[in-house]
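In: this is a predicted model, with the sequence first.
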Amino acid sequence: MQTHISFIIKTCFFHLRRIASIRRYLTHDACVKLVVSLIFSRLDYCNSLLAGLPASSIHGLQRVQNAAARLRLRKTKRDHITPLLRSLHWLPVNTRISYKLSTLVYKCLNDSAPEYLQSSLDLYTQPSDRPLRSAADPLRLHIPRSKLASAGQRAFPSAGPSVWNSLPLELRQSPSLDAFKSM
């Protein structure tokens, strides 16, 4: 995955430099459209495959997002990035990955995802010999054991339920996809 990530970073910084060279001639709306179409389309494309990667691998993608925020708001690299991301309502890259995975799991559980993804998720079943506290959680998913510690835990059947089970119960019980996305 490192070669894929480094290619994305290289391509995004290339486009950011090109946008920065013409930034003074662009309106605010045109700059927003260029950043979203050239940068975020690359950051968001198949980013659920990056779930479970170490922070050192994701850090380069976060640098791209930070540079895009600074370009869009005409800030220098000395300006603190967290308030800029909040003002733009942009999630950090790690959170974007978790958001995409949890949305995909929500679609699987509500029969609006492809069958091959739906069949890879199982609801957690309570052991019959002893009661557990998790019995009160009806939407808990079973996390299968994987033979490979690195790639197996990053696969959708393991990563999806891990992210889903970490969400609050109220969020998992959302009545619609729009309500789920807005919470």
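Out: Thanks, I have it. This is a predicted model, so every value here is computed, not measured. Residues are numbered from 1 along each chain as shown.

In: switch to C-alpha atoms for all contacts and neighbour counts from now on
Out: Fine.

In: where along the protein do the helices fall?
Out: 2-22, 28-35, 41-44, 55-73, 81-88, 93-109, 115-118, 151-154, 156-166, 169-172, 177-182 (DSSP state H).

In: residues of the fifth one that come out buried?
Out: Using 16 or more other Cα atoms under 10 Å as the burial criterion, the residues of helix 81-88 that qualify are 81, 84-85.

In: hmm, back to that, can you tell me which of the helices of the chain has the worst average pLDDT?
Out: In terms of mean pLDDT, the lowest-scoring of the helices of the chain is helix 151-154 (a mean of 74).

In: using CSV, list the CA coordinates for it.
Out: Presented in CSV, the C-alpha positions along helix 151-154 are these (Å, rounded to 0.1, in the frame of the first residue of the first chain):
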residue,chain,number,x,y,z
ALA,A,151,-3.7,-7.7,6.1
GLY,A,152,-6.4,-9.8,7.7
GLN,A,153,-7.5,-7.2,10.2
ARG,A,154,-7.6,-4.5,7.5
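
In: enumerate the positions of that helix that are buried.
Out: In helix 151-154, counting by 16+ other Cα under 10 Å, buried: 152-154.

In: packing partners of that helix?
Out: Judged by 3 or more Cα pairs under 8 Å, 6 or more residues apart in numbering; DSSP states H and E, helix 151-154 has no packing partners among the helices and strands.

In: circling back: okay, the buried residues of helix 151-154 in JSON lines with distance to residue 116 next?
Out: JSON lines is the format used below for those (distance: Cα to Cα, whole Å):
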{"residue": "152", "distance to residue 116": "17"}
{"residue": "153", "distance to residue 116": "18"}
{"residue": "154", "distance to residue 116": "17"}
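
In: ok, those vs residue 107, which is closest?
Out: residue 154 (19.0 Å; Cα to Cα).

In: quick check, the closest one in contact with residue 49.
Out: Yes - if you go by Cα atoms under 8 Å, residue 154 and residue 49 touch, sitting 7.4 Å apart.

In: ignoring the adjacent residues along the chain, who's closest to residue 2?
Out: residue 57 (7.0 Å; Cα to Cα, 6 or more residues apart in numbering).
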